[in-house]
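Peer 1: what would the 3D arrangement of this be:
(chains A and B)
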Amino acid sequence: MEYFAIVIGAIFVNNIVLAQFLGICPYMGVSAKVSTSVGMSGAVLFVMTLATIVTFLIYNYVLVPFNITYLQTISYILVISSLVQMVEIILKKVSPELYQALGIFLPLITTNCAIMGVALLTVQNEFNLMQGVVFAISHAAGFALAIILFAGIREHLDLMDLPKAMRGAPAALIVAGILALAFMGFAGLV
Amino acid sequence: MKQWRNFTKGFIKDNPVFILLLGLCPALGVTTSAFNGFGMGLATTFVLLGSNTVVSIIKNVIPNKVRIPSFIVIIASFVTIVQLTMEAYMPELFDALGLFIPLIVVNCLVMGRAEAFGSKNNIGSSIVDAMGMGLGFTLALTMLGGVREILGAYSIFGIQLIPGVTDGMLVFVLAPGAFIGMGYLIILFNYLKKKTA
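Peer 2: I've put the predicted structure just below:
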């Protein structure tokens, strides 16, 4: 039941993009086509879960015992960026197909504040490791839902005859606003 | 003259948020009121100023291959300074900005300026560039926060505009208003850019 609340809360109620404003850069940047947004979602799912596990271990077994939690920001960003590099190198060797699919999205993920945000939130909410993993996976699922929906809409938006000033980013942002409005309907679900 | 142009380019022509679309997460996330936007803008400006200066001082010492990780460490140190200072002296603002203070570290604006400007120019120009870009970012966040506060709560910087009326269009304080307000402000800035160009 507790896990159920985490999942529903992360995907619908506190959707990472549309309610918490994390990961807006990839959300605006790679949502022009449904296929690229699916690739990005895959990369986010992969890295977010790994990063949450690793940062959880570092926080609880290195930072807390040595009483150096003020180094949280520095250590997290270093761990996440080296993790992304490592994942890239390993994937290239072990699974070239997956690397092909995720390839260009992996380096972009380092600057994705959603990854770091979820890692920080896991600590803030005082989750244990299992809850943290579920939390990360469901946030990634929420990201996937938001970006794929958005990409679908944007593909149609390209064909619309919009006023010149609204084309591109402004129209996309306003559509995102309407999507956020729709997601507000889930408020109070858990 | 050249420095002046370098300084003012961040306000309208290359406004980091509305024209370059950098640092959108904090721009949308913390701008529930003009004051929060202003505070976030200044915090980011401080980090930008510090990191751009340090990067331009030690740019010749850092080997090219490890420059990105080095930039990250420099930026993260300044973020930690801001985080601890704010927690100690401005706890209310710290609580309001919450997660977005540590997340300055992944703000593409800060990284972008270090890579695109600080690592290529001398200290003087880097400081001017960081100040200009930081103030442009602050301007953008304060504007978006102002618009949302005026429409959402009929107040600006906490001052009521219509005495006795406090419940505005709530949607502008909540998430959808951030996206919609941002969309229309981008249209405005595109117009201003065209006009000044």
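Peer 1: give me the helices and strands touching the worst-scoring helix or strand of chain A on mean pLDDT, please.
Peer 2: When each helix and strand of chain A is scored by mean pLDDT, DSSP states H and E, helix A:105-109 comes last, with a mean of 71. The helices and strands touching helix A:105-109, judged by 3 or more C-beta pairs under 8 Å, 6 or more residues apart in numbering or on different chains; DSSP states H and E, are helix A:24-29, helix A:34-58, helix A:72-94. C-betas here are computed from N, CA, C, even on glycine.
Peer 1: turn the ones you listed into a markdown table, columns for distance to A:Thr122 and mean pLDDT.
Peer 2: A markdown table is the format used below for those (distance: least, C-beta to C-beta, whole Å; pLDDT from 0 to 100):
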| stretch | distance to A:Thr122 | mean pLDDT |
| --- | --- | --- |
| helix A:24-29 | 20 | 82 |
| helix A:34-58 | 6 | 88 |
| helix A:72-94 | 11 | 85 |
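Peer 1: out of those, which gets nearest to B:Asp95?
Peer 2: When these are compared by C-beta to C-beta, helix A:72-94 sits nearest B:Asp95, at 17.1 Å.
Peer 1: for the closest one, which helices and strands make contact with it?
Peer 2: helix A:34-58, helix A:96-102, helix A:105-109, helix A:113-124, helix B:67-89.
Peer 1: deepest-packed of these, please.
Peer 2: Mean neighbour count (mean count of other C-beta atoms under 10 Å in any protein chain shown) peaks for helix A:113-124 among the helices and strands packed on helix A:72-94, with a mean of 24.
Peer 1: the inter-axis angle of that one versus helix A:72-94?
Peer 2: 120 degrees (axes from the mean of the first three to the mean of the last three C-alpha atoms, to 10 degrees).
Peer 1: just the CA atoms of helix A:113-124, as PDB, please.
Peer 2: In PDB, the C-alpha atoms belonging to helix A:113-124 read as follows (Å, rounded to 0.1, in the frame of the first residue of the first chain):
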ATOM      1  CA  CYS A 113      18.100  18.300 -13.000                       C
ATOM      2  CA  ALA A 114      15.500  15.500 -12.700                       C
ATOM      3  CA  ILE A 115      18.200  13.000 -11.900                       C
ATOM      4  CA  MET A 116      19.800  15.000  -9.200                       C
ATOM      5  CA  GLY A 117      16.400  16.200  -7.900                       C
ATOM      6  CA  VAL A 118      15.100  12.700  -7.400                       C
ATOM      7  CA  ALA A 119      18.400  11.700  -5.700                       C
ATOM      8  CA  LEU A 120      18.000  14.700  -3.300                       C
ATOM      9  CA  LEU A 121      14.300  14.000  -2.700                       C
ATOM     10  CA  THR A 122      15.000  10.400  -1.800                       C
ATOM     11  CA  VAL A 123      17.200  11.600   1.100                       C
ATOM     12  CA  GLN A 124      14.700  14.400   2.000                       C
END
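Peer 1: helices and strands around the helix or strand just after that helix, which ones?
Peer 2: Going down the chain from helix A:113-124, the next helix or strand is helix A:129-157, by DSSP states H and E. Where contact means 3+ C-beta pairs under 8 Å, 6+ apart, helix A:129-157 is packed against helix A:2-8, helix A:24-29, helix A:34-58, helix A:113-124, helix A:169-183.
Peer 1: export these to JSON lines and tack on distance to chain B?
Peer 2: Output for the helices and strands packed on helix A:129-157, formatted as JSON lines (distance: least, C-beta to the nearest C-beta, whole Å):
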{"stretch": "helix A:2-8", "distance to chain B": "18"}
{"stretch": "helix A:24-29", "distance to chain B": "4"}
{"stretch": "helix A:34-58", "distance to chain B": "12"}
{"stretch": "helix A:113-124", "distance to chain B": "4"}
{"stretch": "helix A:169-183", "distance to chain B": "3"}
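Peer 1: can you confirm B:Ile162 is in a strand?
Peer 2: No: assigned with DSSP: H, G, I helix; E, B strand; the rest coil, B:Ile162 falls outside any strand and is coil.
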